[in-house]
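Novice: Give me a model of this one.
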Amino acid sequence: MSTKKRVAIIGASGYAGAEIVRLISGHPQVTLTYLTSRQYAGQSYDTVFPALTGCVDHYCETFSPEDAIHKADIFFLALPHKASMGVAAPLLEAGKKVIDLSADFRFKNRSVYENHYQLHEAPQWLKKAVYGLCEINHQAISNADLIGNPGCYPTSILLPLMPLLKNKLINTTGIIADSKSGVSGAGRSPSLGTLFCEVNEGFKAYKVAEHRHAPEMNENLTLAAGENVQILFVPHLVPMSRGIVSTIYVRCKTSDNHIRDCLHAAYDNCHFIRILPDGHFPNAAHVRGTNYCDIGTKYSSEQGILVIISTIDNLIKGAAGQAVQNMNIMMNFAETDGINAMPYPV
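Specialist: Next up is the predicted model:
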């Protein structure tokens, strides 16, 4: 019997970190050996997340690279933007596999990252990182040591758009993405804007046409199209705990049938992408707690506009689930290991 690979989660006390803990705890090929949290160091993990009582028996530790490299083979970094790069470098230098859930290794263009975040302190690794959009970059992921796990909004938008741009079926100009996200997308740290009384019975746009996920999308859409793409992205906050619904408007060069044929050709062999039947459209409730991305389309011949609707669970396919999927591909495990939960019927 082969020895299970050891997994560490750095930053295990946030929402994404907790979801990785949950998924890894049920994974058949790996074992959880190291959890870190600066805020909860020394506390048992089930006191941080009581729902996991009797399921996870680890204690939170303070991160130390010297200790970490002896305790795990694969590292998930569930840290804030700007914090991951300094943690990743010593792990990579020790020959470890790293999957980073921040933006620190998502960009090929260093200057774009620095324009929207900060000076990059590990540019030598930025060049070697693979953008972990699993169904698009599967081959590169399988040979990678470092993955930049995509953002949640970009995952919901890039998956339907990239095959269509690659096959020249839609215009590269005038792409509009209108996305709605549950409150967990803002993270676990308390803030005024995510308090119950501020969110409940409300519905608002934020960071209109200036969200930091737009450059991430632009870079990857440009790679797919082979020419410059600049998306207009408008995110909204809705009063639910998790889930993203993205409605995308594009000018179409062909019929709806060709669009659907292209999406089926791209994704029919991809377990986690579901192209819905004609006339059916995604519902965030139908992917809740799963690694699925559901996609539906409608072509308006009067306006010549294709409407694409996609939905994901922002904490799973938009973060932790895709991170585990990246690990599975990197390690040549079955791609569905640990993340093949069935959706809730109600």
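Novice: quick one, strands of the protein?
Specialist: Listed in chain order, the strands of the chain (DSSP state E) span residues 5-10, 30-36, 60-61, 74-77, 97-100, 130-131, 146-148, 176-181, 204-205, 232-237, 244-251, 273-275, 293-300, 305-312.
Novice: and among those strands, the most buried is which?
Specialist: Comparing the strands of the chain by mean neighbour count (mean count of other C-beta atoms under 10 Å), strand 146-148 ranks first with a mean of 28. Any C-beta I mention is one placed from the backbone N, CA and C, and that applies to glycine too.
Novice: Could you report the neighbour count for residue 313?
Specialist: As a burial measure, residue 313 scores 28 neighbours (other C-beta atoms under 10 Å).
Novice: hmm, back to that, mind putting the strands of the chain in TSV, distance to residue 54 and mean pLDDT included?
Specialist: Shown next, in TSV, are these (distance: least, C-beta to C-beta, whole Å; pLDDT from 0 to 100):
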stretch	distance to residue 54	mean pLDDT
strand 5-10	19	98
strand 30-36	15	97
strand 60-61	17	97
strand 74-77	23	98
strand 97-100	27	98
strand 130-131	37	98
strand 146-148	31	98
strand 176-181	32	98
strand 204-205	39	94
strand 232-237	34	97
strand 244-251	31	98
strand 273-275	33	98
strand 293-300	32	96
strand 305-312	29	97
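Novice: who touches stretch 299-306?
Specialist: For stretch 299-306, the surrounding residues in contact (C-beta atoms under 8 Å, 6 or more residues apart in numbering) are 170, 249, 250, 251, 252, 255, 256, 259, 297, 298, 307.
Novice: In the residues you listed, find the pair that's most separated.
Specialist: Greatest spatial distance in those: 249 and 255, 16.9 Å, computed using C-beta to C-beta.
Novice: okay, and for the stretch 201-346 of the chain, where does confidence drop off?
Specialist: Of all residues in the stretch 201-346 of the chain, none has pLDDT under 70.
Novice: I figured residue 172 hits residue 228, correct?
Specialist: Yes: in terms of C-beta atoms under 8 Å, residue 172 counts as a neighbour of residue 228; the distance is 7.2 Å.
Novice: quick one, which of these two is more surrounded?
Specialist: A direct count of neighbours by other C-beta under 10 Å for residue 172 and residue 228 places residue 172 higher, at 19 against 10.
Novice: Pull the contacting residues for the more buried one.
Specialist: Residues in contact with residue 172 (C-beta under 8 Å, 6+ apart) are 165, 221, 225, 227, 228, 229.
Novice: pretty sure residue 225 contacts residue 166?
Specialist: Yes: judged on C-beta under 8 Å, residue 225 makes contact with residue 166 at a distance of 7.1 Å.
Novice: Neighbour count: those two, which is higher?
Specialist: Applying other C-beta under 10 Å to residue 225 and residue 166 shows that residue 225 carries more neighbours, namely 20 against 16.
Novice: Quick one: residues contacting the more buried one.
Specialist: Shown in contact with residue 225 (C-beta under 8 Å, 6+ apart): 165, 166, 168, 172.
Novice: can I get these in JSON lines with distance to residue 69 and pLDDT?
Specialist: Conversion of the contacts of residue 225 to JSON lines gives the following (distance: C-beta to C-beta, whole Å; pLDDT from 0 to 100):
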{"residue": "165", "distance to residue 69": "41", "pLDDT": "98"}
{"residue": "166", "distance to residue 69": "39", "pLDDT": "97"}
{"residue": "168", "distance to residue 69": "46", "pLDDT": "96"}
{"residue": "172", "distance to residue 69": "44", "pLDDT": "97"}
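Novice: now for those residues, which pair is the farthest apart?
Specialist: Farthest-apart pair in the contacts of residue 225 is 166 and 172; separation 11.2 Å (C-beta to C-beta).
Novice: so what's residue 31 bridging to?
Specialist: Beta-bridge partners for residue 31, by DSSP bridges, are residue 6.
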